[in-house]
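Chemist: fold the stuff below for me.
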Amino acid sequence: MNNFFSDTKEAFSLKSNFELNRAYFLFNIIGNSTFVKITTSLTKFALRFHLPVTPIIKATVFDHFCGGVNEKDCIPVINRMFDKNVSSVLDFSTEGFDSEKEFDECLRKKISIIEFVKDRKEIPFAVFKPTCLGSTDLFKKVSNLEELDDLESDSWNRVIHRFDQVCSKAFDENIKILIDAEEVEVQNAIDDLAIKMMRKYNVSSPIVYNTVQMYRKDRLTYLDEMISNKLNKDVTFGLKLVRGAYMEKERHLADLMNVESPICNSKLNTDKNFNSGLDFVFNNLKRISFVCASHNEGSILKVMEMMKLNGLSNNDNKIWFGQLYGMSDNISFNLASKSYNTFKILPFGSVKNLMPYLIRRAEENTSVQGQTGRELQLILKEKQRRSLL
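Modeler: Model (predicted):
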């Protein structure tokens, strides 16, 4: 695809030759699905038995896809990107909590992150993963409308309270808060909590944003029902549209349960679904503020064209574009050069705790047709450009 996203000088303006070569090495590896599977298995084994692999991971895949081990570590990256008009969203991407104590600790961490970013114009959003605030098994039960016993009901009330505390803090500090989407088996409960928070905090302006994974076959129906529900008539919706992050896991689970996969059967169908989601957003733009979280150049160009048709300026605050740190710099930095509102999701945390995130990035790039090839094509183009200077 040859468009202004092909400007590699702008795209990689912050990358040194070393960082560019490292990116080339990483995406070459990620492009090999067999190697990714073997490497991730060996990495899990090495971390489980405390083998000395952390420095290698830190210097390669971690430093490419993550901002640092804590908020202060991320500041140099945040400032460098903001100099190029690219904002950041700090994502404390730890997973796998299973106790009330850990959920409360995660709540305190999310509150502290909002406190950290509240006076920083370079960080316009905060984000949290719902199952960091409650048991995955509990989210599954609530999603399936299973009856809860007294202990479970008490735990679920704590989850609701934690959600409210995060959203309330974001509201008080006027920080937009992104609620991550997760696997289908827990998402109904997340959607219900998200809309409850929107009804409470999104009356005058959008604070709470729910994430909608458009590789799911049912998401257009979900969006239609959400906006037509009379209980939501006073809500200004915050929506982040993504294609989806759990494709391999969802298909595997559907096979195990011998049920139809909840996600689209092909990339083409997913692309159609995503673009239909964009049409939905712009058909209801008076009630929606929107984050287009996509690494697909075609979808980004579609949003840009729809903004133009609707008379929106490039930096209209109702529309944001978001990409993951370490991916699609050609989209992020070229958008920002034209004054579009653009951010990078910037994960941080310990190497060990971020491994599930890093593995998903590897699997996502392996399974998404064309993504890795596009990254490599652009990196090679920039290497060649620099070699001629």
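Chemist: endpoint to endpoint, stretch 193-208 covers what distance?
Modeler: 11 Å (Cα to Cα, to the nearest Å).
Chemist: show me which residues of it are buried.
Modeler: Within stretch 193-208, the residues that count as buried by 16 or more other Cβ atoms under 10 Å are 193-198, 201-202, 206-208. Glycine gets a C-beta too; all of them are placed from N, C-alpha and C.
Chemist: pull the distance from stretch 152-164 to the chain's centre.
Modeler: Centre-to-centre, stretch 152-164 and its host chain are 24 Å apart (Cα atoms, centre = their mean, to the nearest Å).
Chemist: what residues of it count as buried?
Modeler: Applying 16+ other Cβ under 10 Å to stretch 152-164 flags 152, 155-156, 158-160, 162-164 as buried.
Chemist: could I have the CA atoms of it written out in PDB?
Modeler: Output in PDB follows, covering the C-alpha atoms of stretch 152-164 (Å, rounded to 0.1, in the frame of the first residue of the first chain):
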ATOM      1  CA  GLU A 152     -19.300 -14.900  45.300                       C
ATOM      2  CA  SER A 153     -21.900 -12.200  45.500                       C
ATOM      3  CA  ASP A 154     -19.800 -10.400  48.000                       C
ATOM      4  CA  SER A 155     -16.700 -10.700  45.800                       C
ATOM      5  CA  TRP A 156     -18.700  -9.400  42.800                       C
ATOM      6  CA  ASN A 157     -19.800  -6.400  44.700                       C
ATOM      7  CA  ARG A 158     -16.100  -5.700  45.400                       C
ATOM      8  CA  VAL A 159     -15.400  -5.900  41.700                       C
ATOM      9  CA  ILE A 160     -18.200  -3.400  41.000                       C
ATOM     10  CA  HIS A 161     -16.800  -1.100  43.700                       C
ATOM     11  CA  ARG A 162     -13.300  -1.400  42.300                       C
ATOM     12  CA  PHE A 163     -14.500  -0.500  38.800                       C
ATOM     13  CA  ASP A 164     -16.400   2.500  40.200                       C
END
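Chemist: out of the buried residues of stretch 193-208, what pair is the most spread apart?
Modeler: By the measure Cβ to Cβ, 193 and 206 form the most distant pair in those, at 16.5 Å.
Chemist: buried set for the helix or strand residue 81 falls within?
Modeler: In the assignment (DSSP states H and E), residue 81 maps to helix 71-83. The neighbour-count check on helix 71-83 (16+ other Cβ under 10 Å) flags 71, 74-75, 77-78, 81-82 as buried.
Chemist: follow-up on the earlier one: nearest to residue 116 among the buried residues of stretch 152-164?
Modeler: Using Cβ to Cβ, these come closest to residue 116 at residue 162, 18.5 Å.
Chemist: what sits against that closest one?
Modeler: Residues near residue 162 by Cβ atoms under 8 Å, 6 or more residues apart in numbering: 103-104, 107, 133-134.
Chemist: quick one: mean pLDDT for the helix or strand hosting it?
Modeler: Assigned by DSSP H and E, residue 162 belongs to helix 150-173. For helix 150-173, mean pLDDT is 98.
Chemist: for residue 210, give me its contacts.
Modeler: Neighbour list for residue 210: 179, 181, 190-191, 194-195, 198, 237-240 [criterion: Cβ under 8 Å, 6+ apart].
Chemist: quick check: bridge partners of it?
Modeler: Judged by DSSP bridges, the bridge partners of residue 210 are residue 179, residue 239.
Chemist: tell me the spacing between it and residue 9.
Modeler: Noted for residue 210: a distance of 37 Å to residue 9, by Cβ to Cβ, to the nearest Å.
Chemist: go on, residue 24?
Modeler: Distance of residue 24 to residue 9, computed by Cβ to Cβ: 17 Å.
Chemist: which of the two has more neighbours?
Modeler: residue 24 (16 against 12; other Cβ atoms under 10 Å).
Chemist: and for the residue lying closest to residue 190 once chain neighbours are set aside, the neighbour number?
Modeler: Of all residues not flanking residue 190 in the chain, residue 130 sits nearest, at 4.8 Å (Cβ to Cβ, 6 or more residues apart in numbering). Residue 130 has 24 neighbouring residues, counting by other Cβ under 10 Å.
Chemist: do the same with residue 11
Modeler: For residue 11, the count of nearby residues is 22 (other Cβ under 10 Å).
Chemist: excluding residues flanking it in the chain, which one is nearest it?
Modeler: residue 330 is the one closest to residue 11 (Cβ to Cβ, 6+ apart), at 3.8 Å.
Chemist: in three-state terms, label residue 85 for me.
Modeler: coil (DSSP: H, G, I helix; E, B strand; the rest coil).
Chemist: kindly report the same for residue 52.
Modeler: With three-state DSSP as the basis, residue 52 sits in coil.
Chemist: and it, how close does it get to residue 69?
Modeler: Taken as Cβ to Cβ, the span from residue 52 to residue 69 is 17 Å.
Chemist: next one: residue 179
Modeler: Distance, residue 179 to residue 69, by Cβ to Cβ: 24 Å.
Chemist: then residue 126?
Modeler: Counting by Cβ to Cβ, the gap from residue 126 to residue 69 is 19 Å.
Chemist: isn't residue 171 up against residue 207?
Modeler: Yes - Residue 171 lies in contact with residue 207 (Cβ atoms under 8 Å); the separation is 5.0 Å.
Chemist: overlap in contacts of the two?
Modeler: Contacts common to residue 171 and residue 207, judged by Cβ under 8 Å, 6+ apart, are residue 201.
Chemist: mind listing the helices for the stretch 201-350 of the chain?
Modeler: With DSSP state H, counting those that start in this stretch as the criterion, the stretch 201-350 of the chain has helices at 219-228, 247-257, 267-283, 297-309, 329-337.
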